[in-house]
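S.K.: got a predicted model here, sequence first, then my questions.
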Amino acid sequence: MFRSKFGLKFGLKFGSKGTRTTGRRPRSRRLVWLATLAPMVALLYGTTTTQSATAAAPGAPSGWSTVFTDDFNGSAGSAPSSANWKFDTGPGSSFGTGEIETMTDSTANTHLDGNGNLNITALGSGSSWTSGRIQTPTANVGAPAGGKLEVVASIQQPSPASGLGYWPAFWMLGPGQWPENGEIDVMEDVNALSDVAGTIHCGTSPGGPCNEGTGISSGLRACSGCQNGFHTYSMILDRTNTSAETITFYLDGNAYYSVTEAQVGTATWQAAFDHNQSIILDLAMGGTFPDATCGCTTPTASTSSGGTLSVDYVAAYTTTGATSSNTQALPGTWTQCASENATCALNGTSAVAFGANGRFNYTTMTGSTPCTTTVFGDPTSGVVKSCYAEAVPPATNIWSPCASENNTCSFSGVMTVAYGAAGSYRYATLPGGTPCTNTVFGDPIAGTAKSCYVVSPPPTFATWTTCAAENGTCSFSGTHEVAYGANGQYFYGSFNGGTPCTNGVFGDPASGATKTCYYQ
């Protein structure tokens, strides 16, 4: 997988990316503003507040739910919980960031202190160093559509006597190809400056809408007292308005930098941040970020061994919301046109799905087609299948555009995805999003810019039941997902026992249109 390298903005070119076959993702590094920023910091930040190490992470604020927490309780010298963390080991040189340490799983580098803290310690001299990097085993935290995610840690930055080359970080990373998969750097400092930077990474590299490999960053800002005591570093991903999402960075609860969806574009943002990410803590040594900041090669012969990143707790909280992205075009209008071995008669040109139980093969046909395995192949052997017809993309009242070629089509649940242009499409039934590429779908129309469109799959897999017209009441027993809208534009929510089918509950996904509620 490619890794990013970064160079000084003033006169150096960005380095090429390296590769590493283990599948680990990069922690991206960017150039940050230097000492010229310092006179402005007090105006931007206010005063930071040193926190005492606590026995437990704070409970969820009112209206929020805790989705992850670790207080790092345990005996002195023991490793952090294997249920919450895995070690990311190996030479730092393979991360593509220029760092020179070897990340180990030794408790000499990463251990609990017995007082409710995690310590990550860099040990070595010259060009020979060891340190630690831990990551949640899965991408376990994300903001639900219509809600928010806060990820926070209480951290004391390293304070070595000579700190050139020290690079502590608290950050998040999505699964998949970097930087398209998204990265959020909640806290970084370099060279023991007692600074902080908040940064996002997304899109393509080099360049792209997120300015890779630099990313979109606050730049280094003074973090008074952050080496002498614990301070909270957090970010909030706000998806309450799914067409205008934001990421905001905080130091001790004070917001200091925000990035908006509009800055990078909807498709890029959704691919990067509208999904879960893992949480990572590490202490790197050397690399392009500390080197560019000091204008030197780090670490140096005078760099002190034993500097420690101390973490009192890590926690993640979410709120829920009734609405979600309208890139899903539910409930769709697939019409059964034939049972297996009969003929599917079509009016004009249609997309035709053949299969059952969520497994379908597709084609685009005009006039009629035999509904047989000879025509479609056999998507699900031994099962009686049927044919279903749907208007071909890009019929805007049916299909929702979700990505241009080489971007990511993001959605939740299972969808039928069409990829192509100008009447030539290939289709797939896929869960949870997909790259919109020739690699996934093949090339239905060479030499033409293509796009992806989504619609719900045929009803033998996901059946949505009409439950109320606009301003009526959608009633059911138990908990169900409800779709509200019309003409391919829907907002969603999960409800127990029913819900009013109104703009007041869902918002207005299709202004001026008469809307309907559906549930499944």
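M.R.: Yep, it's here.

S.K.: please verify my assumption that residue 497 contacts residue 474.
M.R.: No. Look at residue 497 against residue 474 with C-beta atoms under 8 Å: they stay out of range, at 10.0 Å. Heads up, the C-betas are built off the backbone N, CA and C, glycines and all.

S.K.: the two: who's more crowded?
M.R.: Neighbour count, other C-beta atoms under 10 Å: between residue 497 and residue 474, residue 474 has more, with 24 against 10.

S.K.: and the more buried one, how far from residue 126?
M.R.: According to C-beta to C-beta, to the nearest Å, residue 474 and residue 126 sit 68 Å apart.

S.K.: repeat for residue 116
M.R.: Residue 116 is 34 Å from residue 126, where distance means C-beta to C-beta.

S.K.: looking at those two, which is more packed in?
M.R.: residue 116 (18 against 10).

S.K.: residue 354 in helix, strand or coil?
M.R.: Assigned by DSSP: H, G, I helix; E, B strand; the rest coil, the conformation of residue 354 is strand.

S.K.: residues contacting the residue nearest to it when sequence neighbours are not counted?
M.R.: Spatial nearest neighbour of residue 354, excluding adjacent residues (C-beta to C-beta, 6 or more residues apart in numbering): residue 376 at 4.0 Å. Residues near residue 376 by C-beta atoms under 8 Å, 6 or more residues apart in numbering: 354, 355, 361, 362, 363.

S.K.: and the furthest pair within those?
M.R.: Greatest spacing in the contacts of residue 376, by C-beta to C-beta: 355 and 363 (11.7 Å).

S.K.: the more surrounded of the two?
M.R.: Using other C-beta under 10 Å as the criterion, residue 355 and residue 363 rank with residue 355 on top: 25 against 17.

S.K.: so where's the chain shaky on pLDDT?
M.R.: Filtered on pLDDT under 70, the chain yields the residue ranges 1-55, 321-333, 357-359, 380-381, 395-397, 413-414, 431, 457-464, 486-494, 509-510.

S.K.: domains in it, by residue range?
M.R.: Following automatic domain parsing, one finds the domains of the chain at 35-318, 335-455, 465-519.

S.K.: how many residues are close by the closest residue to residue 286 other than its chain neighbours?
M.R.: Spatial nearest neighbour of residue 286, chain neighbours left out: residue 100 (4.1 Å); criterion: C-beta to C-beta, 6+ apart. Neighbour count of residue 100, defined by other C-beta under 10 Å: 21.

S.K.: now residue 110
M.R.: The burial count for residue 110: 25, using other C-beta under 10 Å.

S.K.: what do you get for residue 75?
M.R.: 9.

S.K.: that one reaches residue 116, doesn't it?
M.R.: No. Residue 75 is not in contact with residue 116 according to C-beta under 8 Å; the separation is 11.4 Å.

S.K.: in stretch 199-211, which residues are buried?
M.R.: 199, 200, 201, 202, 203, 205, 206, 208, 209, 210, 211 (16 or more other C-beta atoms under 10 Å).

S.K.: ignore what I typed, I meant stretch 76-87.
M.R.: Applying 16+ other C-beta under 10 Å to stretch 76-87 flags 79, 80, 84, 85, 86, 87 as buried.

S.K.: neighbouring contacts of that stretch?
M.R.: 68, 70, 72, 74, 103-105, 107, 110-115, 118, 132-137.

S.K.: which ones among the residues you listed map onto helices?
M.R.: Within the contacts of stretch 76-87, no residue falls in helices by DSSP state H.

S.K.: could you verify that residue 439 is part of a helix?
M.R.: Yes. Counting by three-state DSSP, residue 439 is found in a helix.

S.K.: state the distance from it to residue 406.
M.R.: 10 Å.

S.K.: more crowded one of these two?
M.R.: residue 406 (14 against 8).

S.K.: the protein: helices as residue ranges?
M.R.: 38-45, 261-264, 266-273, 288-294, 373-376, 438-441, 503-506.

S.K.: can you add distance to residue 242 and give these back as a markdown table?
M.R.: Formatted as a markdown table, the helices of the chain follow (distance: least, C-beta to C-beta, whole Å):
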| stretch | distance to residue 242 |
| --- | --- |
| helix 38-45 | 29 |
| helix 261-264 | 9 |
| helix 266-273 | 9 |
| helix 288-294 | 33 |
| helix 373-376 | 36 |
| helix 438-441 | 25 |
| helix 503-506 | 12 |
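
S.K.: now the phi/psi pair for the residue nearest to residue 286, please.
M.R.: When read as degrees, to the nearest 10, the backbone of residue 100 gives phi -120, psi 0.

S.K.: could you list every residue that touches it?
M.R.: 92, 93, 127, 129, 165, 285, 286, 287, 299.

S.K.: and the nearest residue in space to residue 139 that is not next to it in sequence, how many neighbours?
M.R.: In this structure, residue 139 finds its nearest non-sequential neighbour in residue 276, 4.0 Å apart by C-beta to C-beta, 6+ apart. Close neighbours of residue 276, defined as other C-beta under 10 Å, add up to 16.

S.K.: ok, now residue 262?
M.R.: 12.

S.K.: separation between residue 300 and residue 132?
M.R.: Counting by C-beta to C-beta - residue 300 and residue 132 are separated by 22 Å.

S.K.: how much space separates residue 258 from residue 193?
M.R.: Taking C-beta to C-beta, one finds residue 258 at 23 Å from residue 193.

S.K.: who's more crowded, those two?
M.R.: residue 193 (22 against 15).

S.K.: which residue, other than its chain neighbours, is closest to the residue of the chain most remote from its centre?
M.R.: Distance from the C-alpha centroid of the chain peaks at residue 342, with 44.8 Å (C-alpha atoms, centre = their mean). Nearest residue to residue 342, sequence neighbours excluded (C-beta to C-beta, 6+ apart): residue 371, at 5.4 Å.

S.K.: touching, that neighbour and residue 341? I think so.
M.R.: Yes. Residue 371 is within contact range of residue 341, at 6.6 Å (criterion: C-beta under 8 Å).

S.K.: these two: which is more packed in?
M.R.: residue 371 (22 against 12).

S.K.: residues in contact with that one?
M.R.: Residue 371 neighbours (C-beta under 8 Å, 6+ apart): 337, 338, 339, 340, 341, 342, 343, 344, 354, 385, 386, 387.

S.K.: please check the residues you listed and keep the buried ones.
M.R.: By 16+ other C-beta under 10 Å, the contacts of residue 371 give 337, 338, 340, 344, 354, 385, 386, 387 as buried.

S.K.: relative to residue 369, how far out is the first one?
M.R.: Right, residue 337. 9 Å.

S.K.: what touches both of the two?
M.R.: Contact criterion C-beta under 8 Å, 6+ apart; residues shared by residue 337 and residue 369: 344, 346, 352, 387.

S.K.: isn't the third one up against residue 391?
M.R.: No. The criterion here is C-beta under 8 Å, and residue 352 misses it with residue 391 at 11.2 Å.

S.K.: looking at the two, which has the bigger crowd around it?
M.R.: Between residue 352 and residue 391, residue 352 has the larger neighbour count (other C-beta under 10 Å), namely 28 against 19.

S.K.: bridge partners for the more buried one, pull those for me.
M.R.: Under the criterion DSSP bridges, residue 352 forms beta bridges with residue 363, residue 389.
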